[in-house]
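**Q** Got a sequence here, can you build the structure:
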Amino acid sequence: MDVINMRRLFEAHREAEAARDIDSILQTFGDDCFLETQALGLRSQGRDAVRAAYEQQYFIAFPDLSPQDEGIAFGDKVIVVWGTLRGTSRGDWLGVPPGGGAFEVPFANVVPFEQGLMAGETIYFDLATLCEQAGIPLDAVREAAAARRAR
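**A** As a prediction, this is how the structure comes out:
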């Protein structure tokens, strides 16, 4: 897949995220897609798990979640995007009640491509800073993520 088509697909993915259109988000992914959140040590594998991660881990917890992409680099079948992630803790995150605070943290996404679609996303951000700014207890989030990993 060439750089132009990778970028177009990723931009369509970002537009679908901004619209909270999970069906359109999933159309940018291959069938055996993944969503990996390094800060939590969580990996959702397959369309149903990725759908649930978007709904339960991101859009409910942070209804105004908004990545501002500030840079992009292209490799062989991969894009790396970085910028600032903003949002407000308004809903439960992994079962941890919202703190109500707004956050602004640096992030990076690594997006591999396979067969003309995104294979998935690996997301990196500073969990401690996000929790501190959002008013969410860091230890509770870490415990909740550990409990999910143990399932």
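**Q** Spell out which strands sit alongside the lengthiest strand in the chain in the sheet and which way each one runs.
**A** For the chain, the strand with the greatest residue count under DSSP state E is strand 102-114. Using DSSP bridges, strand 102-114 pairs in its sheet with strand 78-88 (antiparallel), strand 117-125 (antiparallel).
**Q** mind putting those in CSV, mean neighbour count and distance to residue 19 included?
**A** To be clear about C-beta, it is placed using only N, CA and C from the backbone, and glycine gets the same treatment. Output for the strands paired with strand 102-114, formatted as CSV (neighbours: other CB atoms under 10 Å; distance: least, CB to CB, whole Å):
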stretch, mean neighbour count, distance to residue 19
strand 78-88, 18, 16
strand 117-125, 19, 17
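**Q** Same list, the ones you listed, but as TSV with distance to residue 25 please.
**A** TSV is the format used below for the strands paired with strand 102-114 (distance: least, CB to CB, whole Å):
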stretch	distance to residue 25
strand 78-88	15
strand 117-125	10
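**Q** Residue 35: which of those is closest?
**A** Nearest of the strands paired with strand 102-114 to residue 35, taken as CB to CB: strand 117-125 at 5.6 Å.
**Q** show me where the protein has helices.
**A** 3-18, 22-27, 47-52, 127-134, 138-150 (DSSP state H).
**Q** Quick check: which of these is buried the most?
**A** Ranked by mean neighbour count, those are led by helix 127-134 with a mean of 19 (mean count of other CB atoms under 10 Å).
**Q** hang on, the earlier thing: do you know which of the strands paired with strand 102-114 lies nearest residue 1?
**A** Closest to residue 1 of the strands paired with strand 102-114, according to CB to CB: strand 117-125, at 8.6 Å.
**Q** what sits up against that closest one?
**A** Contacts to strand 117-125, defined as CB atoms under 8 Å, 6 or more residues apart in numbering, come from residues 9-10, 13, 28-30, 32-39, 50, 85, 105-113.
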